Structure formats: structure tokens, C-alpha cells
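**Student:** pasting the sequence and the predicted coordinates here, then a few questions.
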Amino acid sequence: MNLLSGMPAAWEALFLVFCRVGTMMLVAPIFGSRGTTPQVRVFLGLTVAFVMAPVVAPPGTVIPGDTGAFVARIAREVLLGGLVGFVVLLVFTALEGAGHIVGLQMGFSLANIINPLTSTNASLIDQFYTLVATLVFLTIDGHHIVLLGIERTFLIAPIDAIGSTLPPQEMIFGLGREIFATASRMALPVLTALLLTDVALAMVARSVPQLNVFVVGMPAKIAVGFVMLIVTVPAVAYIMAKSFSDIVALLVPFARAMGPS
């Protein structure tokens with residue numbers, strides 16, 4: 001029995017577009033944060049789908065009439081939308097990871113709070129990097145970049161094309177390496193300063209044994225860490241902006257791998 005016989009092809013195409021866009025907005029930060037209600041996410045997803053549908057699914061787009069094939073297309077669109085949101089989430093995770101490494105070395109790992117973007121435990125430095133990343137993301141119109149990225153995926157992997165179900169594992173691991181390298185570049189200056197501080201405290205402890213290094217060391221590392229955070233904010237903001245600008249370039253290989261063979 002065909003349950004789609006009475007549904008116009010335009011509405012079927014719109015629904016498939018909404019599945020990809022709506023899933024992205026559920027997973028991606030900013031769009032899918034706890035501060036955004038589900039009703040707002042659905043409304044934004046429908047609005048973007050209505051705007052994109054005439055471009056990415058023009059009249060004449062072939063939609064399978066069989067119910068089973070249509071359900072398979074829905075699953076593929078949900079998977080692609082989730083993948084787009086996951087890539088954006090990984091970029092934010094790299095920025096938060098840099099803050100976590102710095103906060104751990106500064107001694108703020110015990111004072112954890114809830115990160116509203118990812119709903120996970122985060123230290124004060126994690127929150128600082130997350131707020132800076134959010135401001136940079138909105139300043140460079142990162143939400144527009146994400147929407148352009150998902151629009152590009154429709155051009156590479158159209159809703160009426162049949163492709164593979166998952167990208168290769170090597171591509172996913174490669175993205176993980178890029179994310180780790182980005183976090184390391186942001187955290188390296190502060191970590192280097194904290195390491196030099198530890199070396200200096202060790203030399204002081206050998207020279208003046210009467211001095212309690214554990215009492216002096218923690219405030220000194222916190223002071224050096226905060227100074228380096230202030231000094232490196234422009235460089236960190238630049239790296240964040242570069243990472244957000246490369247979101248489209250990160251999405252293209254994944255969409256091509258899941259596009260038509």
C-alpha cells in the first residue's frame with residue numbers, strides 16, 4: 001500500500017529538506033542550545049526549509065512514490081543533517097577543549113559549572129573560551145556560514161540522489177585530528193607560560209627551601225594564566241574565526257562521500 005499517493009511532490013520535497021535542516025538545528029550549537037526552545041527550533045527549521053526548498057528542490061525533483069523508499073530518504077536526510085550539526089559541534093568542542101586544558105593547568109578543574117551550550121560540566125576557563133567562541137561566531141556571521149554549508153550539501157548530495165549511508169572512517173578520524181590540532185594551537189601559548197612558571201617555582205624551591213612553594217605557586221600560576229589569557233585573546237579569536245570560516249570546507253567532503261556514487 002502506498003501511503004504517499006495523495007501527497008503532492010512539492011510537499012514531499014519540502015519535508016525532506018526540513019528533515020535535514022531541522023536535524024542540523026537540533027544538533028548544532030547556538031541553534032540547538034538549551035536557551036533555544038524546541039518550538040523556536042522547529043519554527044526556524046521550517047522557515048529555512050521554505051526558503052531553501054525552491055532552490056535545492058526545484059520543480060521536477062524526483063521523489064520516490066514507494067513508502068519504504070521515502071522512509072529511507074528521510075533517514076538519509078536526518079543522518080546528513082545530524083552530520084552537519086555534529087561538524088559544527090566538533091568545532092565548538094575544540095575551542096572548549098582548549099579552555100579545559102588551560103583550566104586544568106591553572107587549577108580550575110575542581111570548580112566546574114554547567115556549560116549551557118553542551119549541557120556538560122565545564123570549568124571557568126571553558127566558559128570563557130565558549131563565550132568568546134560564541135561572540136566570534138555571531139560577529140563573523142557564523143550562523144550564515146552554517147546555513148550556506150548545509151545549502152552546499154544539498155547541491156552535492158541532492159534529496160533525489162542515492163548515495164552511501166556513512167562517510168569513510170578515515171575522514172571522521174581526520175576531522176578529529178584537525179579539531180585536536182586547533183585546540184592545541186589555542187592552548188599552547190598559555191600552557192608554555194604555565195610550564196615556565198612551574199620551572200621557575202621549582203628553581204625557587206631549590207634556592208629557598210624555607211619558602212612554601214605550594215602556597216605561593218597556585219596564586220602565581222593563576223596570575224600568569226590570566227595575563228596570558230588576556231594577551232592571547234586576539235590570536236585565539238583569529239583562530240576561532242578561521243575555524244568557523246572553514247566549516248563549509250569541512251562539510252563538503254562529508255556531503256560528497258554521502259552523495260551519489
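**Tutor:** Thanks, I have the structure now.

**Student:** which residues does D126 contact?
**Tutor:** Taking CB atoms under 8 Å, 6 or more residues apart in numbering, we find D126 in contact with E96, G99, H100, G103, N115. Glycine gets a C-beta too; all of them are placed from N, C-alpha and C.

**Student:** filter these down to the ones in helices?
**Tutor:** Members of the contacts of D126 lying in helices (criterion: DSSP state H): E96, G99, H100, G103.

**Student:** pretty sure the last one sits against Q127.
**Tutor:** No - here G103 lies out of contact with Q127, judged by CB atoms under 8 Å, at a distance of 9.0 Å.

**Student:** low-confidence stretches in the stretch 1-150 of the chain?
**Tutor:** Applying pLDDT under 70 to the stretch 1-150 of the chain flags residues 1-9, 32-36, 58-65, 109-123.

**Student:** ranges for the strands of it?
**Tutor:** Remark: strands assigned in the stretch 1-150 of the chain by DSSP state E, counting those that start in this stretch are 112-115, 120-123.

**Student:** tell me the one of the contacts of D126 nearest I145?
**Tutor:** E96 (19.0 Å; CB to CB).

**Student:** so how many other residues sit close to the closest one?
**Tutor:** Applying other CB atoms under 10 Å, we find 24 residues neighbouring E96.

**Student:** still on that earlier bit, neighbour count winner among G103 and Q127?
**Tutor:** G103 (25 against 20).

**Student:** can you give me the distance of the closest residue to F128 other than its chain neighbours to V42?
**Tutor:** Leaving aside its chain neighbours, F128 sits nearest to G99 (6.2 Å; criterion: CB to CB, 6 or more residues apart in numbering). To V42, G99 is 31 Å away according to CB to CB, to the nearest Å.

**Student:** nothing else from me, thank you.
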